[in-house]
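Participant: Let me see the structure of the following:
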Amino acid sequence: MALERVMRSGQCHCGAVRFEAELVDDLATARRCTCSFCRMRGAVAVSAVTGGVRILEGEAFLTRYRFNTGTAEHFFCSRCGIYTHHQRRSDPLQYGVNVACLQGLSPFDFAEVPVTDGVEHPSDTGRPSRLAGVLRFIPAEDDATS
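Facilitator: Below is the predicted model of the structure:
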């Protein structure tokens, strides 16, 4: 069965960086990670196909950050500081895209988000990627009637 490729539009908070992303399997790839950087960033990311992130406006506003092995490349708007996407360490041909930057989406649209173990990264251990846990969002009950 072929994966559903979906094109979605996105932008940073201030709108200086605008892009489109061709997602591998639309939102089914949503996940978080436990590595030191992702823990601090806190974003939910979905997977884009190889070469699947196209900057439409504001490429000059993008800044990059690399750490540890330098394989993953993280992109941020230099004006508002929002992380838009990154080139993955686990598959440098693929990108992770910040769900919160995609038009009409929020990380709170997902009841559950799988969290991969980035502390024990497969590139470091030689073992397959493993699930570290699941992040859940349970909306508060509306108490307007109380």
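
Participant: those helices in the protein, which residues are they?
Facilitator: Using DSSP state H, the helices of the chain run over 36-41, 122-125.

Participant: Please name whichever of the ones you listed is nearest to T84.
Facilitator: Proximity to T84 (Cβ to Cβ) singles out helix 36-41 among the helices of the chain, at 11.6 Å. For every residue, glycine as well, the C-beta is placed using N, CA and C.

Participant: average model confidence for that closest one?
Facilitator: Here helix 36-41 scores 88 as its mean pLDDT.

Participant: Now do it: distance to the chain's middle.
Facilitator: Taking the mean of its C-alpha atoms, helix 36-41 sits 12 Å from the chain's own mean (Cα atoms, centre = their mean, to the nearest Å).

Participant: Which elements pack onto that helix?
Facilitator: The contact analysis (3 or more Cβ pairs under 8 Å, 6 or more residues apart in numbering; DSSP states H and E) places helix 36-41 against no helix or strand.

Participant: Run through the bridge partners of the most centrally placed residue in the chain.
Facilitator: Per Cα atoms, centre = their mean, the C-alpha nearest to the average position across the chain is that of A45, at 2.1 Å. Residues in a beta bridge with A45, per DSSP bridges, are R31, N98.

Participant: wait, it sits on F37?
Facilitator: No: here A45 does not reach F37: they are 11.8 Å apart, not a contact under Cβ atoms under 8 Å.

Participant: Could I get the helices of the chain in CSV, plus columns for distance to D25 and mean neighbour count?
Facilitator: Below are the helices of the chain laid out as CSV (distance: least, Cβ to Cβ, whole Å; neighbours: other Cβ atoms under 10 Å):
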stretch, distance to D25, mean neighbour count
helix 36-41, 20, 14
helix 122-125, 20, 13
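
Participant: Could you point out which of those sits nearest R66?
Facilitator: The nearest among those, by Cβ to Cβ, is helix 36-41 at 10.0 Å.

Participant: wait, what's in contact with the residue nearest to the centre of the chain?
Facilitator: Contacts for A45 were tallied using Cβ atoms under 8 Å, 6 or more residues apart in numbering; they are A30, R31, R32, C33, H85, H86, G96, V97, N98, V99.
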